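**Q** Would you be able to build a 3D model of this:
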Amino acid sequence: MTMLETSSPSPSRHCIPSISPSRITLCSIVWIIGFTSIFVWQKDIAEKLLILRPRSVPPAIEIPVLRPSVFDIKDFGGVGDGVTVNTVAFERAVKAIWEVRERGGGQLNVGVGKWLTAPFNLTSYMTLFLAQGAEILGIDDEKYWPLMPPLPSYGYGREHPGSRYGSLIHGQHLRDVVITGHNGTINGQGQTWWTKYKTKLLNHTRGPLVQIMWSKDILISNITLRDSPFWTLHPYDCKNITIRKVTILAPIFNAPNTDGIDPDSCEDMIIEDCYISVGDDAIAIKSGWDQYGLAYARPSTNIFIRNLVVQSMVSAGISIGSEMSGGVSNITVENLHVWNSKRAIRIKTALGRGGYVRNITYRNVTFENVRVGIVIDTYYNQHPDLGYDLNAVPTLEDISFTTIHGEGVRVPVRIQGSKKIPVSNISFRDMSVGLSHKKKHVFQCAFVEGRVIGTIYPPPCENLDLYDEHEQLVTRSMSQNISDIDYSV
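**A** Reported below is the predicted structural model:
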């Protein structure tokens, strides 16, 4: 038998032909392109299918438990439809919290909805929590708003003699009160009030949105306050108040006297991380009006304001006065941005006020498109009645401005002291403000004494002493009493 000889096939007989390296690279590229095309096609189909699926609603943010007892406004018959009046529900809820005050107090949760109500009072050891999407609405018919006696340091209602309307949310002689939430809203629905005020259809002074009086240990945070009939947030003769991460809104025109925050005869207060755009002063620090404020004798002191963005096209970003007869002292304002406003910083007073403004510090302030940056006005002649004393002369002293910058400012400084009310010991350091108009006399002074440390822009008025960066005297002013105030600029 003849055996068949076996051997390895020669390369020329191999069933798969050999491939050169260049052809391998080409095949790899084709394979990658093909795979990528399939992946993109599948992803596109998947996205189109997902569009057809109903989108899930983000879950509601869980409300934290901040007190031993927790209540919901619905438990007391509240209906958040924007039509049902919930005054009784709020009153019942507050009563329930009052009943557990000795066990740490209670928390009232206000959930998603529009909760229409007349004014109601808070109680001690209470947390009012507004969930995201919650809005408390004030009834805009004044017959539902109670009348209260005038503030003792004002002598009579701010706009009319006699009684004044109370606030939408009110409290007196309280301790440990918190108004907070997930940026829920308290809405004063002030439009009707503003119209009636301008057409002289009201017989009493309008009420604030939130007013806390003669109280201590107050926290207001993480909420929005809007469209107040009058001043928005008014702490009166209170101690230890913190206002943090609050947004305050009202139309910048035609919303008269809608100040944002008005600390009035308050002590030990922090206002921080807030945005305020309103129809009057964003913040106005007060302490009583003429002879009534002098008799009440409660100053505003130890107030720290920081990290704010504010707008006021009618008045000023941060004001002191004009009602400052009880005195204002130890105020620090820092990290402030004032934009699109008539004025940025303002101190206002007049003969008959008495009192004092002293130890006031402004630092790291930015002006953006502001007509007048810094104003001190000693001719703000509004008085409650004819009983004020012209010999009650206010004192303005020890006011410092450090790191003041800006652009688009028409008049950076206008300090209008007077012969009877001079401004003493004012200082400027590290100031550079860009001008919107190339005018002379944009740093205006009258009856002012103080100093400039280092170089500032625009150049200061002649009334001020000049010091170098090391605080060594360079030039002593001999012209403190001259005036170059020019309102035509």
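**Q** pLDDT below threshold where in the stretch 101-250 of the chain?
**A** Residues of the stretch 101-250 of the chain meeting the criterion pLDDT under 70: none.
**Q** how about the helices in it?
**A** All helices of the stretch 101-250 of the chain, identified by DSSP state H, counting those that start in this stretch, fall at 191-198.
**Q** and the gap between Arg104 and Ile220?
**A** Just to correct that, residue 104 is Gly rather than Arg. Note on Gly104: its distance to Ile220, by Cβ to Cβ, to the nearest Å, is 20 Å. All C-beta atoms are positioned from the backbone trio N, CA, C, and that covers glycine.
**Q** For those two, indicate the residue with more neighbours.
**A** Using other Cβ atoms under 10 Å as the criterion, Gly104 and Ile220 rank with Ile220 on top: 24 against 12.
**Q** who does the more buried one bridge with?
**A** When bridges are called by DSSP bridges, Ile220 pairs up with Ile179, Ile243.
**Q** the strands in the stretch 301-450 of the chain, which residues?
**A** For the stretch 301-450 of the chain, the strands defined by DSSP state E, counting those that start in this stretch cover 318-320, 328-348, 356-377, 395-409, 411-416, 423-435, 443-446, 448-453.
**Q** deepest of those, which one?
**A** strand 318-320 (a mean of 27; mean count of other Cβ atoms under 10 Å).
**Q** Run through who's touching that one.
**A** Strand 318-320 is touched from outside by 281-285, 305, 310, 328, 331, 333, 336, 338, 344-348, 357, 360, with contacts defined as Cβ atoms under 8 Å, 6 or more residues apart in numbering.
**Q** likewise stretch 244-251?
**A** Contacts for stretch 244-251 (Cβ under 8 Å, 6+ apart): 183, 190, 219-228, 232-233, 258, 260-261, 270-279, 282.
**Q** For it, buried residues please.
**A** Val246, Thr247, Ile248, Leu249, Ala250, Pro251 (16 or more other Cβ atoms under 10 Å).
**Q** and of those residues, the nearest to Pro394?
**A** For the buried residues of stretch 244-251, the residue nearest Pro394 by Cβ to Cβ is Ile248; the value is 28.1 Å.
**Q** Would you mind naming the residues that bridge with that closest one?
**A** Under the criterion used (DSSP bridges), Ile248 bridges to Leu225, Ile276.
**Q** From here on, call the first residue 20.
**A** With 20 as the first residue, the last one maps to Ile267.
**Q** which residues are contacting stretch 431-439?
**A** Outside stretch 431-439, the residues that touch it by Cβ under 8 Å, 6+ apart are 370, 386, 391-398, 412, 415, 425, 442, 445, 447, 450, 452, 454, 461-467, 477, 479-480, 500, 502, 504.
**Q** try stretch 465-473
**A** Under Cβ under 8 Å, 6+ apart, the answer for stretch 465-473 is 395, 418, 434-438, 440-449, 479-480, 482-488, 490, 496, 499-504.
**Q** Ends of stretch 173-186, what's the gap?
**A** Criterion Cα to Cα, to the nearest Å; first-to-last residue distance in stretch 173-186 is 17 Å.
**Q** Could you check that stretch and say which residues are buried?
**A** Going by neighbour count (16+ other Cβ under 10 Å), the buried part of stretch 173-186 is Tyr173, Gly174, Tyr175, Gly176, Arg177, Glu178, Ser182, Arg183, Tyr184, Gly185, Ser186.
**Q** how many other residues sit next to the closest residue to the second one other than its chain neighbours?
**A** Same thing as Gly174. Of all residues not flanking Gly174 in the chain, Tyr311 sits nearest, at 3.6 Å (Cβ to Cβ, 6 or more residues apart in numbering). For Tyr311, the count of nearby residues is 22 (other Cβ under 10 Å).
**Q** which helices and strands does the helix or strand where Tyr311 lies pack with?
**A** Assigned by DSSP states H and E, Tyr311 belongs to helix 309-315. Counting contacts by 3 or more Cβ pairs under 8 Å, 6 or more residues apart in numbering; DSSP states H and E, helix 309-315 is packed against no other helix or strand.
**Q** if we look at that helix, which residues are touching it?
**A** Residues external to helix 309-315 that are found in contact with it (Cβ under 8 Å, 6+ apart): 171-174, 284, 306-307, 342-345, 371-374, 402-403, 406-408, 411.
**Q** Report the buried members of these.
**A** The buried subset of those (16+ other Cβ under 10 Å) comprises 172-174, 284, 306-307, 342-345, 371-374, 402-403, 407, 411.
**Q** what about Lys219, how many residues close to it?
**A** With other Cβ under 10 Å as criterion, Lys219 counts 7.
**Q** Tell me the spacing between it and Val467.
**A** 39 Å.
**Q** now swap in Ala115 and tell me
**A** For Ala115, the distance to Val467 - Cβ to Cβ - is 57 Å.
**Q** go on, Thr211?
**A** From Thr211 over to Val467 the distance is 44 Å, taken as Cβ to Cβ.
**Q** Which positions within stretch 479-499 qualify as buried?
**A** Of all the residues in stretch 479-499, those buried under the rule 16+ other Cβ under 10 Å are Pro479, Cys480, Asn482, Leu483, Asp484, Leu485, Tyr486, Ser496, Gln499.
**Q** List the contacts of it.
**A** Here stretch 479-499 makes contact (Cβ under 8 Å, 6+ apart) with 432, 434, 441, 445, 447, 462-473, 500-501, 503.
**Q** Stretch 248-268 spans what distance, first to last residue?
**A** In stretch 248-268, first residue to last residue: 12 Å (Cα to Cα).
**Q** looking at it, Gly374 is touching Ser348, isn't it?
**A** No. Checked against Cβ atoms under 8 Å, the pair Gly374 and Ser348 is beyond contact range at 9.8 Å.
**Q** Now for those two: what residues contact both?
**A** Residues within reach of Gly374 and of Ser348 at once, by Cβ under 8 Å, 6+ apart, are Pro318.
**Q** Can you list phi and psi of the closest residue to Arg120 other than its chain neighbours for me?
**A** Computed as Cβ to Cβ, 6+ apart, the closest residue to Arg120 that is not its neighbour in sequence is Tyr144, at 4.7 Å. Backbone torsions for Tyr144, taken as degrees, to the nearest 10, come to phi 60, psi 50.
**Q** Confirm for me that Tyr144 is in contact with Glu118.
**A** No. Using Cβ under 8 Å, Tyr144 is not in contact with Glu118, being 10.9 Å away.
**Q** between the two, who's got more neighbours?
**A** Under the criterion of other Cβ under 10 Å, the comparison of Tyr144 against Glu118 puts Tyr144 first, with 23 against 12.
**Q** For the more buried one, give its distance to Ile395.
**A** Look at Tyr144 and Ile395: by Cβ to Cβ, they are 42 Å apart.
**Q** ok so, going back, give me the subset of the buried residues of stretch 173-186 lying in strands.
**A** Counting by DSSP state E, the members of the buried residues of stretch 173-186 that fall within strands are Arg183, Tyr184.
**Q** Now render the buried residues of stretch 173-186 as TSV, adding distance to Phe148.
**A** Shown next, in TSV, are the buried residues of stretch 173-186 (distance: Cβ to Cβ, whole Å):
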residue	distance to Phe148
Tyr173	32
Gly174	37
Tyr175	36
Gly176	33
Arg177	31
Glu178	33
Ser182	32
Arg183	29
Tyr184	26
Gly185	23
Ser186	19
